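Colleague: I'll drop the sequence and a predicted model, then ask my questions.
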Number of protein chains: 2
Amino acid sequence: MELIDGHRIAAEIISELKAEVAALPGRKPCLALVRVGEDPASVSYVRQKEKTAVEIGIVGRVLLPPATISPAELFGLIEQLSADPAIDGILVQSPLPPHLDELAVFRRIAPAKDVDGLGTINFGKIAQEDESGFVPCTPAGILELLTRSGVQLAGRHVVVLGRSLLVGKPVALLAVQKKAWANATVTLCHSQTVGLPALARLADILIAAIGRPEFVTAEMVKPGAVVIDVGINRVPDSTKKSGYRLVGDVHFPSVAPIASRITPVPGGVGPMTVAMLMKNTVKAHRQSRAT
Amino acid sequence: MELIDGHRIAAEIISELKAEVAALPGRKPCLALVRVGEDPASVSYVRQKEKTAVEIGIVGRVLLPPATISPAELFGLIEQLSADPAIDGILVQSPLPPHLDELAVFRRIAPAKDVDGLGTINFGKIAQEDESGFVPCTPAGILELLTRSGVQLAGRHVVVLGRSLLVGKPVALLAVQKKAWANATVTLCHSQTVGLPALARLADILIAAIGRPEFVTAEMVKPGAVVIDVGINRVPDSTKKSGYRLVGDVHFPSVAPIASRITPVPGGVGPMTVAMLMKNTVKAHRQSRAT
């Protein structure tokens, strides 16, 4: 079994982007990071995104509207950022306070700046296999992990556990594309699937994004399969100072010995998302200069 | 084995729409049908769509630009129709002459009038499970055939053969939706799939949209499966006056005896597409009045 090291691959991408940005003439790419309110996880995520942006040479512009902002005010802010020619990418950190409709907010972002890829047009472009679009960071990161680990998808069976808009559906649509790096056969399973273990066992590449701690056990995995664990779950652990530990959707101790390659949690898919956000931002910048 | 009768179900839908339109106060729904050039199949399709529209009480407005129309002129025409408040739906008949980029043309149609569902936003809405969008007529027709035949999708395994933008991908995304009428597990197979017969045999519901005459034979079908045949292929037949006969993607004589239900070709999915176009047009009208 070989570990797929998300930290190493993310660092590789970041270093490539750094070189690309350093070589850019004129204005550097600029990413607007909008964080509504003071959700502690969001504070930490946005800080990390800003830090990585700066490391690459991307200008990070952080906007911190209060949790009490009205939908109309937030829409106004997003429209202003969308119209600002100095800004290439816009990220609105999820989750938003409950009075704000996330999908409606994401849809307000100009598609050409929607570097988180959560708007309607960028989803449609995945289905249309239009590479001018932005793929959401988690599925983009999964494909990048597979490609950079030398895992071929063509003709192989990818089984995706979980049909979320953020992971399951886009990763399925990407893996099945008529592209040399894709061309996989795809099965999409979820909470209503009957006989899930037998279907999971068909997978040459198993992608677990179902949000249940250590759900995938050894008997659901074909020996030699590649296993990508997208889950990040907190489970109580009295031996830890924090009182919990992080586990994925895969029961790592039993699955790792039979997988050919596997991502750990943490340190697998997680580190890739920030790198892919930066990659999308540099792409948005490149495309805006080309028009 | 029970035959799923597309003609009967389409007639049922058309009669429901007729009643709905008759009860509408004020302006009737209006569908613009744009046919570029004189492709014989397109002439016949557009004529049939206009006839069905009129039967329902929908105003059909047929526009017949010449095959020599420039992209800019066609875009101009579509923008004019998109802006016209008297028009609810716009259909541009495919195929277009080779100098016109179909996807670029479809994308010019205002999403709220894109009743053929081929623009980027309406695809994104399928992924987002947003029911305000328009589903392309063939996948919408397939789902309607299944639902009106009493075939439950929830928890069942739908195997789709073919990953086209017009059929395979949208029908897969629809069947997997978190909706009471969907909730299926979905496998998407295509020309690059390894071991397709064994995967097809897993299907409780097999949807063949691969464009190869009589490709699906009995050994690819689980006894008792529901089989939906989307293919329409001409094969030479010297016993016919026309010199050919129409066959589907399914070898009907061998598959029909083991299927629990099956669509014939012709007379299965085919008749549904026009009915679904009309259903989308009436929906566009309803939504435009609501705003």
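Modeller: Okay, I see it. Numbers count the residues shown, from 1 in each chain, chains lettered A, B, ... in the order given.

Colleague: ok, residue A:184 touching residue A:151?
Modeller: No: if you go by C-beta atoms under 8 Å, residue A:184 and residue A:151 don't touch, sitting 10.3 Å apart. Just so you know, the C-beta spots here come from the backbone N, C-alpha and C atoms, and that holds for glycine as well.

Colleague: okay, and the common contacts of those two?
Modeller: Common neighbours of residue A:184 and residue A:151, using C-beta atoms under 8 Å, 6 or more residues apart in numbering or on different chains, are residue A:205.

Colleague: get me the contact residues on chain A for chain B.
Modeller: A:103, A:119-130, A:154-157, A:163, A:165, A:169-170, A:172-173, A:176, A:178, A:183, A:185-190, A:192-195, A:199 (C-beta under 8 Å from any C-beta of the partner chain).

Colleague: so which of those residues are in helices?
Modeller: Secondary structure assignment by DSSP state H places A:103, A:120-127, A:169-170, A:172-173, A:199 of these in helices.

Colleague: returning to that earlier point: more crowded one of residue A:184 and residue A:151?
Modeller: Higher neighbour count among residue A:184 and residue A:151: residue A:184, with 27 against 17, using other C-beta atoms under 10 Å in any protein chain shown.

Colleague: give me the buried subset of the ones in helices among the residues of chain A next to chain B.
Modeller: Those of those that meet the buried threshold are A:120-127, A:169-170, A:172-173, A:199, by 16 or more other C-beta atoms under 10 Å in any protein chain shown.

Colleague: what's the farthest-apart pair in those?
Modeller: A:121 and A:199 (32.0 Å; C-beta to C-beta).

Colleague: how about the strands of chain A, start to end?
Modeller: Assigned by DSSP state E, the strands in chain A fall at A:2-3, A:30-34, A:59-63, A:89-92, A:157-161, A:185-189, A:205-208, A:226-229, A:233-236, A:244-247, A:261-262.

Colleague: turn these into CSV, columns for mean neighbour count.
Modeller: What follows is these, written out as CSV (neighbours: other C-beta atoms under 10 Å in any protein chain shown):
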stretch, mean neighbour count
strand A:2-3, 12
strand A:30-34, 23
strand A:59-63, 17
strand A:89-92, 26
strand A:157-161, 28
strand A:185-189, 27
strand A:205-208, 28
strand A:226-229, 28
strand A:233-236, 12
strand A:244-247, 16
strand A:261-262, 22
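
Colleague: isn't residue A:43 right up against residue A:35?
Modeller: Yes: the pair residue A:43 / residue A:35 is scored as a contact, 7.1 Å apart, by C-beta under 8 Å.

Colleague: more neighbours: these two, which one.
Modeller: Using other C-beta under 10 Å, the more surrounded residue of residue A:43 and residue A:35 is residue A:35, with 21 against 14.

Colleague: and that one, its phi and psi?
Modeller: phi -120, psi 120 (degrees, to the nearest 10).

Colleague: one more: residue A:222?
Modeller: According to degrees, to the nearest 10, residue A:222 has phi -70, psi 130.

Colleague: give me the number of neighbouring residues for it.
Modeller: With other C-beta under 10 Å as criterion, residue A:222 counts 17.

Colleague: gap between residue A:196 and residue A:210?
Modeller: To residue A:210, residue A:196 is 9 Å away according to C-beta to C-beta, to the nearest Å.

Colleague: now do residue A:190
Modeller: 7 Å.

Colleague: next one: residue A:243
Modeller: Distance from residue A:243 to residue A:210, by C-beta to C-beta: 24 Å.

Colleague: likewise residue A:148?
Modeller: With C-beta to C-beta as the criterion, residue A:148 and residue A:210 are 24 Å apart.

Colleague: look at the two and report which has more neighbours.
Modeller: Set residue A:148 next to residue A:210 and count neighbours by other C-beta under 10 Å: residue A:210 wins out with 23 against 14.

Colleague: quick one: which of the buried ones among the ones in helices among the residues of chain A next to chain B is nearest to residue A:262?
Modeller: Out of these, the member with the shortest distance to residue A:262 (by C-beta to C-beta) is residue A:199, at 19.0 Å.

Colleague: identify the residues contacting the closest one.
Modeller: A:159, A:187, A:189, A:193, B:157, B:185.

Colleague: what residue ranges in the stretch 51-200 of chain A are flagged as low confidence?
Modeller: Judged by pLDDT under 70, the stretch 51-200 of chain A has no weakly predicted residues.

Colleague: I'd assumed residue A:178 was in contact with residue A:154.
Modeller: No: Residue A:154 is beyond contact range of residue A:178, at 10.4 Å (criterion: C-beta under 8 Å).

Colleague: what residues are shared contacts of these two?
Modeller: Joint contacts of residue A:154 and residue A:178 (C-beta under 8 Å, 6+ apart) do not exist.

Colleague: that older thread, farthest pair in the contacts of residue A:199?
Modeller: Most distant of the contacts of residue A:199, by C-beta to C-beta, are A:159 and B:157, 12.1 Å apart.

Colleague: not counting sequence-adjacent ones, nearest residue to residue A:259?
Modeller: Counting by C-beta to C-beta, 6 or more residues apart in numbering or on different chains, residue A:259 lies nearest to residue A:227, which is 4.5 Å off, once chain neighbours are set aside.

Colleague: per-residue pLDDT, the one you found?
Modeller: You'll see residue A:227 listed with a pLDDT of 98.

Colleague: can you name the residues bridging to it?
Modeller: residue A:206, residue A:262 (DSSP bridges).

Colleague: quick one, domains of chain A?
Modeller: If you go by automatic domain parsing, the domain ranges for chain A are A:25-112, A:137-269.
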